[in-house]
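Visitor: Model the following, please.
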Amino acid sequence: MRPFVALILLSLAACSKPTKQEPIAAALEKLADTPSKMVLYSLNWGNLPDYQDIYNDKMFHGFIILGKAEITDRNEQRALLRALARGVRENDSEEGTCFVPRHALHIEAGGRSMDLTICFHCLQVETRGFNNGNHFLVSRSPEPTFDQSIVAHHLPALPK
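Guide: Here you go, the predicted structure:
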């Protein structure tokens, strides 16, 4: 009986320990509650590797911009960031290798500028100005929220 109780206690301890992604999810939720400027991008995932650092009206860190919209509604901003936070919590170290992003966010808050380039296909988010410029993992669950915003703002998008 004792080994069984020990196994249960060990399982509970493993389930309750925070993941390395939890600080990222918490930072996204905090950002969701911070007034900010937010721009949503629809991207053509045809990457141009020689232009990774280019960010202008036509390029978002090496990806061609199909369309963009400033998200001024605070509820929509919160929905996008909270969906992303939920997706971060749901990912259990699963990722692909393709990085073909169709979505991106540019956020200005608290005197900082952040860019998130999002690939829901391979479950990765490349960051600049957020999370020390690293990437983090996400599930596919936020994708419908992002797609709804793209449709609501009449942005062109590539087929899935």
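
Visitor: need the helices for the protein, in chain order.
Guide: Using DSSP state H, the helices of the chain run over residues 2-16, 22-32, 74-90, 143-152.

Visitor: residues making contact with the longest one?
Guide: Helix 74-90 has contacts (CB atoms under 8 Å, 6 or more residues apart in numbering) with 19, 21-22, 24-26, 28-29, 31-33, 35-36, 38, 40, 71, 105, 116, 118, 125, 136-142, 145-146, 149, 152. Every residue, glycine included, has its C-beta placed from N, CA and C.

Visitor: need the helix or strand of the chain with the lowest average pLDDT.
Guide: None of the helices or strands of the chain scores lower by mean pLDDT, DSSP states H and E than helix 2-16, at a mean of 38.

Visitor: Grab the nearest non-local neighbour of residue 157.
Guide: Setting aside the residues directly before and after it, residue 157 is nearest to residue 42 in space (CB to CB, 6 or more residues apart in numbering), at 4.8 Å.

Visitor: low-scoring stretches of this structure, by residue?
Guide: Where the chain drops to pLDDT under 70, the residues are 1-19, 47-55.

Visitor: do that again at 50, thanks
Guide: Flagging of the chain using pLDDT under 50 yields the residue ranges 1-18.

Visitor: Report the beta-bridge partners for the residue nearest to residue 128 when sequence neighbours are not counted.
Guide: Excluding the flanking residues, the one nearest residue 128 by CB to CB, 6+ apart is residue 115, at 4.3 Å. For residue 115, the beta-bridge partners under DSSP bridges are residue 106, residue 128.

Visitor: Burial check on residue 115, number of neighbours?
Guide: By other CB atoms under 10 Å, 19 other residues sit near residue 115.
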